[in-house]
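[1] any chance you could fold what I've pasted below:
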Amino acid sequence: MPKQDHSCRLLWLASLISVVVFIVLKSESYSEPPLKVLTSSNGLNNQLNFSEHYDLLVVGAGPAGAVFADLAARILHQRVLVLDERNHIGGRYFDGNLSNQLSVGKYGLELFHSNNARTWQYWHRHGNITARGDFRATAYWNDTFVPFPANKDSIHSLNSNHTRGLPPAVRPEALMLRSYVMKRWGVPTEELDATVLQNLQARASWDDRHYPNDQYQGVPSNGYNKWFQAAFDHPNITVRTSTSYFELPSVTASHVIYTHSMDTYFQHKESIHLERLHYRTVKVSASVNPYKPVIAQPAAIVYYPDENDGPYTVCVDQSRLLSLEVSVNLGLTWVFVELQTQSTNRTSPRVYCQAYSETDDVMAGLVPSKKNKQLWEHYARLAAQESKSHNVHFVGLFHEDVAGVVSHALDSFDRIFGPIKVAIPHMQQASASTILSVNLIVSVFREDLSWLSETCHGLRSTFDFQLHVIIYSKHPKNTLATVTQLIRGCNATAEVIQLPNVGREGHTWLVYMLTRELDFADVNVFFQGHRETKDDVITYAVRQLQELLLNETQASSKAIREAEIQDYEGTCPLPLHSDLGNVSWPSSRLHYLAFGPQIRGWPYSPLNESYHELMHEEYCEWVRAGIDPDCTLALCSESYKSFRGEHIVTDAGLRRAIARHRTLLARIYSSLRSSSTPLSGHVLERLWLTLFKGVVASDACPFRQMRLS
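    The predicted structure is shown next:
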């Protein structure tokens with residue numbers, strides 16, 4: 001058994017390594033259309049007259065350069081020259097074309113996240129951001145997928161009885177952080193800048209948001225290049241790529257905005273002999289592959305802090321950060337793998353752990369070490385002098401993320417040229433709306449779905465809410481046209497996703513849980529195709545959870561509610577079956593409800609005793625492997641179990657269960673996907689209650705129960 005357990009724990013790591021190898025071998029190279037040589041009326045112009053004088057010379061066609069060129073040309077009516085050493089605009093946020101079908105970031109994924117309303121609104125001058133809620137990330141450590149940065153769920157998953165009593169510095173979450181810092185930046189945590197380290201420290205809460213302090217998060221609707229093209233598209237702006245500022249013949253300008261590495265600028269000054277700054281450099285492998293609704297990795301963003309887990313620091317499935325509609329309609333999925341490099345100064349050779357890559361190395365920002373900060377302060381003093389004496393201004397150099405660069409550029413523009421009023425398209429302000437969302441997730445093969453019509457119309461008798469029906473079909477007869485006809489007139493949207501006919505409904509629901517984290521509704525209802533739960537029970541449950549969420553929203557925002565959700569494991573679950581008159585709703589917050597009676601014990605019978613014995617063994621194995629390692633076989637046997645598995649859960653409750661049990665859910669998904677027998681699917685029907693509520697075996701639970709033993 002130990003050997004088998006070890007193999008299971010390594011299954012997902014081996015699967016991911018095979019995915020990475022496949023990506024590298026099968027990736028199509030970028031087909032980068034040459035930068036168009038446009039007339040000055042179009043803005044991008046490679047025909048440069050060196051005798052002309054410019055009001056503004058911008059070095060770097062990235063986000064900082066784009067902000068200055070845009071505002072100087074459009075607001076101050078200045079003539080602007082933009083130079084860049086690369087053969088394209090956009091800097092490292094450039095979108096190269098893969099497979100000639102869509103634009104994907106050549107240098108990796110860049111998430112737009114900011115807490116600055118001005119930055120968010122300014123970006124919408126030239127493009128839209130698809131808001132996708134709060135981004136989340138996972139780390140793979142000790143054969144376990146945990147929220148990262150670590151939170152209380154991470155600590156729960158990584159620690160056992162013999163590690164909980166250890167000093168904080170040697171506990172698994174601390175070791176994971178030290179390894180991550182060394183692998184990402186090449187410095188020990190003791191040398192890392194305190195402000196950076198503080199953001200990475202384990203949190204004493206269940207908050208698993210990657211950027212918990214940023215209100216505005218999303219990805220560009222049409223890629224970053226469209227934004228850069230629009231920003232530079234003005235007759236007063238001339239852009240020249242593949243051109244070094246230091247190799248250019250003398251061009252006069254009233255002001256110079258320098259957005260490249262500051263130490264490179266001063267290395268061209270013969271009187272300056274400072275040590276070079278230390279930068280983090282990476283290689284990025286990217287791939288676009290035919291879309292398949294399978295799980296290549298159990299989270300959209302997975303970090304690999306351990307050196308032994310491969311050369312990559314992070315693997316990102318970008319298709320899961322955009323809308324699923326994009327992936328399905330285009331028939332594509334795309335994955336980024338960021339390969340580790342040693343953090344070095346720019347004069348030392350770069351050392352790569354593995355030599356496969358699709359793009360050149362990317363300078364991904366300064367190493368946030370204490371030594372680098374001291375060097376930066378020296379360069380900053382030189383920069384201040386250069387600004388006063390030669391009108392050369394250094395902008396956006398200390399920020400890795402695009403929103404940080406834009407924010408710094410806007411502030412710098414105000415400082416250099418004075419505050420200006422920028423015309424920004426009308427932005428719909430977020431309001432404390434009480435309109436909630438409900439997703440109906442249905443797993444169907446050949447079952448009759450005519451009940452959908454009555455169910456959807458019945459739900460409309462509750463609060464006003466956004467209703468979305470997601471049909472995961474394992475038979476081609478279920479089409480979007482058929483489903484749309486069924487829900488006609490009940491003001492709902494629908495989608496149909498084809499899945500292979502494996503793993504029963506549990507496989508289907510896991511696909512939703514592990515791939516649609518940015519699409520969870522406020523209330524998520526999980527049904528089998530042959531639904532047994534009555535409509536009045538469904539309506540009652542949705543109404544109760546809506547009231548719960550609305551009451552909580554009055555006291556705090558959805559994000560805060562999600563971050564502060566109580567640990568409700570171990571409390572009595574509430575089944576809903578048919579006798580609504582006998583149901584007494586608990587006074588405490590309850591984010592998960594099981595439909596149907598609960599089983600206590602195991603339903604043995606002379607006809608299927610051996611099969612149920614196998615179910616019991618696998619159930620207990622899963623509980624001890626991923627929920628409660630100290631659970632005895634007796635307690636496991638006596639605990640309450642769900643009967644058919646249909647349930648309703650809030651977004652916060654769903655995220656909590658996934659954050660705590662992601663490794664187990666990934667293991668179960670793999671078992672369901674590859675098994676030719678229904679055993680694991682039947683076991684999962686019994687396990688849903690335990691996944692959401694923990695091991696409950698109290699006789700004090702005040703609900704109708706089925707004791708079958």
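
[2] so which bits of stretch 113-121 are buried?
    For stretch 113-121, the neighbour count (16 or more other C-beta atoms under 10 Å) marks 113-114, 116, 119-120 as buried. Where C-beta positions appear, they are placed from N, C-alpha and C, glycine not excepted.

[3] what is the nearest of those residues to residue 240?
    Using C-beta to C-beta, residue 119 is the member of the buried residues of stretch 113-121 that sits closest to residue 240, with 27.5 Å.

[4] now the closest one: how far from residue 422?
    12 Å (C-beta to C-beta, to the nearest Å).

[5] and what of residue 185?
    From residue 185 to residue 422 the distance is 36 Å (C-beta to C-beta).

[6] the two: which is more packed in?
    residue 185 (23 against 15; other C-beta atoms under 10 Å).

[7] look up how far residue 279 lies from the more buried one.
    Counting by C-beta to C-beta, the gap from residue 185 to residue 279 is 10 Å.

[8] ok so, going back, next step: the buried residues of stretch 113-121 restricted to strands.
    113-114 (DSSP state E).

[9] need the buried residues of stretch 113-121 in TSV (columns: pLDDT and distance to residue 321).
    Below are these laid out as TSV (pLDDT from 0 to 100; distance: C-beta to C-beta, whole Å):
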residue	pLDDT	distance to residue 321
113	91	12
114	92	16
116	91	21
119	92	20
120	90	18
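
[10] tell me where the stretch 151-300 of the chain has strands.
    216-220, 237-240, 252-258, 278-290 (DSSP state E, counting those that start in this stretch).

[11] just these: most buried one?
    strand 237-240 (a mean of 24; mean count of other C-beta atoms under 10 Å).

[12] which elements pack onto that one?
    helix 63-74, strand 80-83 (3 or more C-beta pairs under 8 Å, 6 or more residues apart in numbering; DSSP states H and E).

[13] kindly export that strand (C-alpha atoms) in PDB.
    C-alpha atoms of strand 237-240 as PDB (Å, rounded to 0.1, in the frame of the first residue of the first chain):
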ATOM      1  CA  ILE A 237       4.300  60.100 -32.800                       C
ATOM      2  CA  THR A 238       7.200  58.500 -34.700                       C
ATOM      3  CA  VAL A 239       8.200  55.000 -33.700                       C
ATOM      4  CA  ARG A 240      11.400  53.300 -34.700                       C
END
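
[14] in the stretch 451-600 of the chain, what residue spans correspond to strands?
    Under DSSP E, counting those that start in this stretch, the stretch 451-600 of the chain gives strands at 465-473, 492-498, 523-528, 575-576, 592-595, 598-600.

[15] for residue 413, which of those is the nearest?
    strand 465-473 (39.6 Å).

[16] which residues sit against that closest one?
    435-445, 449, 452, 456, 459-460, 478, 483, 487, 490-499, 508, 511-512, 521-523, 546 (C-beta atoms under 8 Å, 6 or more residues apart in numbering).

[17] mind listing what's buried along stretch 386-400?
    386-387, 392-397, 399.

[18] any chance of those residues in CSV, plus secondary structure and distance to residue 635?
    Shown next, in CSV, are these (DSSP: H, G, I helix; E, B strand; the rest coil; distance: C-beta to C-beta, whole Å):
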residue, secondary structure, distance to residue 635
386, helix, 71
387, helix, 69
392, strand, 71
393, strand, 67
394, strand, 64
395, coil, 62
396, coil, 58
397, coil, 58
399, coil, 52
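
[19] quick one: average pLDDT of stretch 422-437?
    For stretch 422-437, the mean pLDDT works out to 58.

[20] ends of it, what's the gap?
    35 Å (C-alpha to C-alpha, to the nearest Å).

[21] now do the contacts for the nearest residue to residue 387 once chain neighbours are set aside.
    In space, residue 387 comes closest to residue 393 once its chain neighbours are excluded; the distance is 5.2 Å by C-beta to C-beta, 6 or more residues apart in numbering. Residue 393 makes contact with 255-258, 387, 412, 416, according to C-beta under 8 Å, 6+ apart.

[22] if we can go back for a sec, hey, least reliable of the strands of the stretch 451-600 of the chain by pLDDT?
    strand 575-576 (a mean of 46).

[23] and residue 454, how far from residue 610?
    40 Å.

[24] so for the two, which residue has more residues nearby?
    residue 454 (12 against 9).

[25] all helices for the stretch 51-200 of the chain, in order.
    With helices called from DSSP state H, counting those that start in this stretch, the stretch 51-200 of the chain shows them at 63-74, 117-123, 152-158, 172-185, 194-200.

[26] same check on the stretch 451-600 of the chain?
    Using DSSP H, counting those that start in this stretch, helices in the stretch 451-600 of the chain cover 451-459, 480-486, 504-515, 535-555, 558-563.

[27] repeat that for the stretch 201-350 of the chain.
    According to DSSP H, counting those that start in this stretch, the helices that the stretch 201-350 of the chain contains are 224-232, 262-267, 324-330.

[28] low-confidence ranges in the stretch 201-350 of the chain?
    For the stretch 201-350 of the chain, the stretches with pLDDT under 70 are 270, 285-294, 296, 319, 322-350.

[29] what of the stretch 401-550 of the chain?
    423-434.

[30] how close does residue 117 sit to residue 645?
    Residue 117 is 44 Å from residue 645, by C-beta to C-beta.

[31] please apply the same query to residue 113.
    Applying C-beta to C-beta to residue 113 and residue 645 gives a distance of 36 Å.

[32] do the same with residue 522
    21 Å.

[33] looking at those two, which has the bigger crowd around it?
    residue 645 (25 against 20).

[34] in a strand, that one, correct?
    No: applying DSSP: H, G, I helix; E, B strand; the rest coil, one finds residue 645 to be coil, outside a strand.

[35] hang on, isn't it packed against residue 531?
    No: Residue 645 is beyond contact range of residue 531, at 11.7 Å (criterion: C-beta atoms under 8 Å).

[36] so where's the stretch 551-700 of the chain shaky on pLDDT?
    Looking at the stretch 551-700 of the chain by pLDDT under 70, you get 552-590, 597, 602-607, 676, 695-700.

[37] hmm, try it at 80
    Applying pLDDT under 80 to the stretch 551-700 of the chain picks out residues 551-591, 596-610, 612, 630, 632-634, 637-638, 640, 643-644, 674-677, 693-700.

[38] next: the stretch 51-200 of the chain.
    For the stretch 51-200 of the chain, the ranges with pLDDT under 80 are 51, 95-109, 130-133, 160-165.

[39] in contact with residue 90, which residues?
    Residue 90 neighbours (C-beta under 8 Å, 6+ apart): 61-62, 224-225, 228.

[40] burial of the closest residue to residue 77 other than its chain neighbours, as a residue count?
    By the measure of C-beta to C-beta, 6+ apart, the closest residue to residue 77 outside its immediate chain neighbours is residue 236, 6.8 Å from it. Per other C-beta under 10 Å, the neighbour tally for residue 236 reads 18.

[41] swap in residue 547?
    13.

[42] who does residue 595 bridge with?
    Under DSSP bridges, the beta-bridge partners of residue 595 are residue 576.

[43] and it, how far is that from residue 171?
    40 Å.

[44] likewise residue 312?
    For residue 312, the distance to residue 171 - C-beta to C-beta - is 25 Å.

[45] the two - which one has more neighbours?
    residue 312 (24 against 18).
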